[in-house]
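Novice: give me a 3D structure for the following:
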Amino acid sequence: MSGWDEDEDEMSVGQMKQFLSSHGASFADCVEKSELRQRVRETKRKLSQSSPPHHRQQQSQQSAQSQPSQMKTCDCMQKGTDHVRASSSTAAANSSMGESKPTGVIIRQLAVGPLQCNMVIIADEVTKEGVLIDPGGDADKILALISGLGVRIVSILVTHAHFDHFLAAEEVRTATHARLHLHPSDRPLWDAIHIQCAMIGIAAPKQPIQPPDADLADGQTLTISQQSHLHCRVIHTPGHSPGSCCFYVEKAKLCFTGDTLFKGSVGRTDLMGGNSAQLIRSIQEKLYSLPPDTHCIPGHGESTNIEHEAKYNAVVRAKGTKTASASLASSAL
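Specialist: Numbering: from 1, shown residues only. Just a heads-up that it's a prediction; the model follows:
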């Protein structure tokens, strides 16, 4: 359904987001449903003024035929769970890097949990040793993927402690016997999992989540497979949360950016511990200094690369590059 002929008062949150996304309208600053509804009205009015009736009909038909797009931003702490969901089966079956996947490395991405967090497994094809990043929910699907790949998870890495990135942490940790790593600055968020879940109106994990096994530190190198010299470097990128971290795998030319950097956007900074100045520094000084061809898998939505974001990101670009004005606090969810 395109939303053109439907009363926005009758549209769900997911339908409104799909409508806005399909017409290129931003909704990152809309927290309440009423704000989304107003944005839909404004978008319809603008499109009506700029497009002839027959063109609007064609847009409506194309939108109805297309699949919902993945979220580009993190809906952490947004009220309600009516979100557009990506196809988990497709994500599980295909490598997140497609034909460009580096030789000898297994990379699998799966959208999980109530906010469709990008859970990623990266492993060595020979030793089958690997790490799992952000077990944000759907433990059964994650464990099925691990089994299907035949990999042994040696470490679980959590980019930050917003609930949608570690809801399935305890179940996955128990099943794999892997050590779980988190930056200590996000420990207060980790311990507040029940409060976080209550704020958004979802059930807390049935299995109590125990403390992390190890701390992450900026510049730390974690071994994925010693035999194949496959390593992961920790990049502490505070801003979205105090302990937000990204994980750079040089051999694969790959960086997992969590909710720090998205395709075309950045993580919000209006949640507990968020800091706009820190986020800008983290992105410009730490992420944009990575090789331009580094492939980036964010915490939600589509993949991108460092070169593209440094030049064209709508919120934070490389130093010296003109950036469209936007409020960091509400630029992304």
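Novice: for the stretch 201-333 of the chain, give me the ranges with low pLDDT.
Specialist: For the stretch 201-333 of the chain, residues meeting the criterion pLDDT under 70 lie at 323-333.
Novice: which stretches of it form helices?
Specialist: Here the stretch 201-333 of the chain has its helices, by DSSP state H, counting those that start in this stretch, at 276-281, 306-312.
Novice: of all these, which one comes closest to residue 166?
Specialist: Residue 166 sits nearest to helix 276-281 of all those, at 20.5 Å, using CB to CB. For the C-beta atoms, the positions are set from N, CA and C on the backbone; glycine is no exception.
Novice: only alpha carbons, please: show that closest one as CSV.
Specialist: Provided in CSV are the C-alpha atoms of helix 276-281 (Å, rounded to 0.1, in the frame of the first residue of the first chain):
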residue,chain,number,x,y,z
SER,A,276,27.1,15.3,19.6
ALA,A,277,30.7,16.7,19.7
GLN,A,278,32.1,13.2,20.6
LEU,A,279,30.2,11.6,17.8
ILE,A,280,31.5,14.1,15.2
ARG,A,281,35.1,13.5,16.4
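Novice: helices and strands around it, which ones?
Specialist: If you count contacts as 3 or more CB pairs under 8 Å, 6 or more residues apart in numbering; DSSP states H and E, helix 276-281 packs onto no helix or strand.
Novice: can you spell out the domain ranges of the protein, please?
Specialist: Using automatic domain parsing, the domains assigned to the chain come out as 8-65, 88-330.
Novice: mind listing what residue 129 touches?
Specialist: 123, 151, 152, 154, 224, 225 (CB atoms under 8 Å, 6 or more residues apart in numbering).
Novice: cool, residue 227 as well?
Specialist: Contacts for residue 227 were tallied using CB under 8 Å, 6+ apart; they are 124, 126, 127.
Novice: what's the neighbour count on residue 246?
Specialist: If you count neighbours by other CB atoms under 10 Å, residue 246 ends up with 25.
Novice: look up how far residue 203 lies from the nearest residue to it once chain neighbours are set aside.
Specialist: Closest residue to residue 246 apart from its sequence neighbours, by CB to CB, 6 or more residues apart in numbering: residue 235 at 4.4 Å. From residue 235 across to residue 203, the span is 33 Å (CB to CB, to the nearest Å).
Novice: who's more crowded, those two?
Specialist: Neighbours per residue (other CB under 10 Å) separate residue 235 from residue 203, with residue 235 holding more: 24 against 10.
Novice: which of the helices of the stretch 201-333 of the chain sits closest to residue 103?
Specialist: Of all the helices of the stretch 201-333 of the chain, helix 306-312 sits nearest to residue 103, with 21.3 Å by CB to CB.
Novice: just the CA trace of the closest one, in CSV.
Specialist: Only the C-alpha atoms of helix 306-312 are listed here, as CSV (Å, rounded to 0.1, in the frame of the first residue of the first chain):
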residue,chain,number,x,y,z
ILE,A,306,34.0,5.1,4.0
GLU,A,307,34.7,7.0,0.8
HIS,A,308,31.0,7.5,0.1
GLU,A,309,30.1,8.6,3.7
ALA,A,310,33.1,11.0,4.0
LYS,A,311,31.9,12.8,0.8
TYR,A,312,28.1,12.5,1.0
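Novice: and the contacts of that helix?
Specialist: With contact meaning CB under 8 Å, 6+ apart, helix 306-312 is reached by 255, 261, 263-264, 287-288, 290-294, 296, 317-318, 321.
Novice: let's see which of the residues you listed end up in strands.
Specialist: Using DSSP state E, 255, 261, 296 are the members of these that sit in strands.
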